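**Student:** need coordinates for the below:
(chains A and B)
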Amino acid sequence: MLELAFIRANPEIVKDAAKRKRVDIDIDALLALDTDVLETRREIENLRYRQNQLSKEIQAAGKDQALREKAIADGKDIAAKLKETEPTLKSKEDRLRDLLLRVPNIPDATVPDGKDDTENVEVKRVGTPTVFDFTPKDHVALMQHLDMLDVERGVKVAGSRSYVLKNDAVRLELALFQLTLDTLMKKGFSPLTVPALAREFCFIGNSQFPRGREQVYKLAQEGDEENEPDLFLVGTAEVSITGMFSNEILDYKELPLKFAGLSPCFRKEAGTYGKDTRGILRVHQFTKVEQYIICENSHEESVKWHETLLANAEEVVQALELPYHVVVVCTGDLGDGQVKKYDIECWVPSENTYRETHSDSYFHDYQARRVNIRYRDAEGKVRFVHTLNNTALASPRILIPLLENHQQADGSIRIPKALQSYLGGQTTIVPRNS
RNA sequence: GGAGAGGUCGCAUAGAGGUCUAGUGCGGCGGUUUGCUAAACCGCUGAAGGGGUUACCCCCUUCCGAGAGUUCGAAUCUCUCCCUCUCCGCCA
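**Tutor:** This next block holds a predicted model:
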């Protein structure tokens, strides 16, 4: 979230940001409520001040009953007034907080304006779309041929957008995660496995809530709806890692914190009916290694890490020998909290296009304010940290470009060199009984 | 799931209706001393919001796990919730 003082001082910048991000929010109403809250709070502070004075008078009165009773009577008046005003303030503050949580972050000046993902702008292209001297198969056909996938039975168990990985797909997935973790560990990232179940504040802090709540699975206890646990399934380890440091004051010497968070990820994919229904591109459950950075409160630091995280992800993609491009995501396709976002999209031959496999964002202190992650800088000043995150590798989605780009005429799959050592030296995936 | 104990300033601990403007110790910061280090001694020591001065000083309010209640007044009493620990049961 943005600092209230900033919104007060720069309402036009905030309104413009919301407009560019296609977010509907009434900043003037927010500011009016803010003024109201300040006035009400001042009123209460004055009452409390008098109350504190009276408390001292009552003590000072000692055995002087008349004085004492007079002060107590006055105190009762004030208590009554407070009892009336305090709930008013509380409800105003709650409403203000709720509005504030919906104010989007300001997109960077370098972010192109646009309405949705069709207006994202390519900034870099690496490799060239794979050319085949035979008719290539799509990943579903390949995986069926190689006995790596069972969608029908996955759906039987858990409904649409579910799947079962089999045999070499499982080994391949594990190898991919190991390669990814090793790559990041060499760069000083600490691997984490984090809770896939998280409390509400983590999602609010992350800015997945309140907008985007419909994409998240909530846990309910059967027959105990009254005492439902405040737990949700995370859509990314980012949610858990953000929550990990809530309400902490770190030391600047500890920063930056660099994590590679491995977790299962769950997404409802509400509103995507009929979209990407074939195969394993868009599924309710997947596994992801997420890069996560907590750094000092400096735009330059954020930009530096944003580029570094992109480079790290590219290194993984390049190790997998995949053609890809990088797009800078336009304002309309940017999340509420994001200042700027790059997506890496890998070439998918069966669709004859690039598809998103990685997403690299920075937030300035937008998330840090929401979950209250601060640090003491070199001068001893307490400041909010900056947070960033980027996919390092998400599976099974990455299997799509991996298998499709490396397929060979006989339906086997060439395993990229960097992966081979993680698969016991295996160089190709071939049908099980051949 | 059952029984018990507990959550106080970075850490440790005191505090049991008004003397709490939350004490003390450790740590940290600054100083004295010193060839250097250590010790000793002295001083300082959190967060949020608002206001005054305008510089980084002062004032006010809030914060003792969270919320509600009792009271003129709550760290302290009551209730609900959250969390941690110990023991038992169950369990990969």
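**Student:** domains in chain A, by residue range?
**Tutor:** For chain A, the structural domains run A:4-101, A:117-429, going by automatic domain parsing.
**Student:** what's the closest of those domains to RNA strand B?
**Tutor:** Each of the domains of chain A was scored for nearness to RNA strand B using CB to the nearest atom of the strand, and the closest is domain A:4-101 (2.3 Å). Every residue, glycine included, has its C-beta placed from N, CA and C.
**Student:** could you find the closest non-adjacent residue to residue A:43?
**Tutor:** residue A:85 (6.3 Å; CB to CB, 6 or more residues apart in numbering).
**Student:** pLDDT score assigned to the one you found?
**Tutor:** As predicted, residue A:85 sits at a pLDDT of 90.
**Student:** now do the SS call for residue A:59.
**Tutor:** helix (DSSP: H, G, I helix; E, B strand; the rest coil).
**Student:** which secondary structure elements does the helix or strand hosting residue A:387 sit against?
**Tutor:** Following DSSP states H and E, one finds residue A:387 within strand A:386-395. Contacts defined by 3 or more CB pairs under 8 Å, 6 or more residues apart in numbering; DSSP states H and E place strand A:386-395 against helix A:168-185, helix A:237-244, strand A:285-295, helix A:299-319, strand A:353-362, helix A:366-371.
**Student:** distance between the ends of stretch A:125-145?
**Tutor:** Across stretch A:125-145, the terminal residues are separated by 31 Å (CA to CA, to the nearest Å).
**Student:** now do the same contact list for residue A:185.
**Tutor:** A:191, A:260 (CB atoms under 8 Å, 6 or more residues apart in numbering).
**Student:** I'd like the distance between it and residue A:314.
**Tutor:** According to CB to CB, to the nearest Å, residue A:185 stands 17 Å off from residue A:314.
**Student:** the longest helix seen in chain A near RNA strand B at all?
**Tutor:** What stands out as the longest helix in chain A, according to DSSP state H, is helix A:65-101. Yes - using CB under 7 Å from any atom of the strand, we find that helix A:65-101 touches RNA strand B at A:71, A:72, A:75, A:76, A:78, A:79, A:82, A:90.
**Student:** how far does the strand or helix carrying residue A:202 sit from its chain's centre?
**Tutor:** For residue A:202, the element it lies in under DSSP H and E is helix A:200-206. Mean-position distance between helix A:200-206 and its chain equals 9 Å (CA atoms, centre = their mean, to the nearest Å).
**Student:** which other residues reach that helix?
**Tutor:** Helix A:200-206 is contacted from outside by A:101, A:209-210, A:213, A:216, A:230, A:232, A:234, A:238-240, A:242-243, A:246, A:337, A:367, A:370-371, using CB under 8 Å, 6+ apart.
**Student:** where does chain A have low pLDDT?
**Tutor:** Where chain A drops to pLDDT under 70, the residues are A:62, A:221-229, A:434.
**Student:** show me which residues of it sit near RNA strand B.
**Tutor:** So chain A meets RNA strand B at A:4-5, A:38, A:41-42, A:44-45, A:48-49, A:51-52, A:54-55, A:58-59, A:71-72, A:75-76, A:78-79, A:82, A:90, A:227, A:249, A:374, A:382 (CB under 7 Å from any atom of the strand).
**Student:** buried ones among the residues you listed?
**Tutor:** For the residues of chain A next to RNA strand B, a burial check counting by 16 or more other CB atoms under 10 Å picks out A:4, A:44, A:51, A:54, A:58, A:71, A:75, A:78, A:82, A:374.
**Student:** farthest pair in those residues?
**Tutor:** Within those, A:71 and A:374 form the most distant pair, 41.4 Å apart (CB to CB).
**Student:** assign residue A:49 to helix, strand or coil.
**Tutor:** helix.
**Student:** hmm, back to that, next, the angle from the strand holding residue A:387 to strand A:353-362.
**Tutor:** Calculated by axes from the mean of the first three to the mean of the last three CA atoms, to 10 degrees, strand A:386-395 forms an angle of 150 degrees with strand A:353-362.
**Student:** how far does the helix or strand following strand A:386-395 sit from the chain's center?
**Tutor:** The helix or strand immediately downstream of strand A:386-395 is helix A:399-405, counting by DSSP H and E. Using CA atoms, centre = their mean, the mean C-alpha position of helix A:399-405 is found 26 Å from that of the whole chain.
**Student:** circling back to that earlier point, can I get the buried ones among the residues of chain A next to RNA strand B in JSON lines including distance to residue A:132?
**Tutor:** Below are these laid out as JSON lines (distance: CB to CB, whole Å):
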{"residue": "A:4", "distance to residue A:132": "57"}
{"residue": "A:44", "distance to residue A:132": "73"}
{"residue": "A:51", "distance to residue A:132": "81"}
{"residue": "A:54", "distance to residue A:132": "86"}
{"residue": "A:58", "distance to residue A:132": "90"}
{"residue": "A:71", "distance to residue A:132": "91"}
{"residue": "A:75", "distance to residue A:132": "86"}
{"residue": "A:78", "distance to residue A:132": "82"}
{"residue": "A:82", "distance to residue A:132": "77"}
{"residue": "A:374", "distance to residue A:132": "54"}
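**Student:** noted, bye for now.
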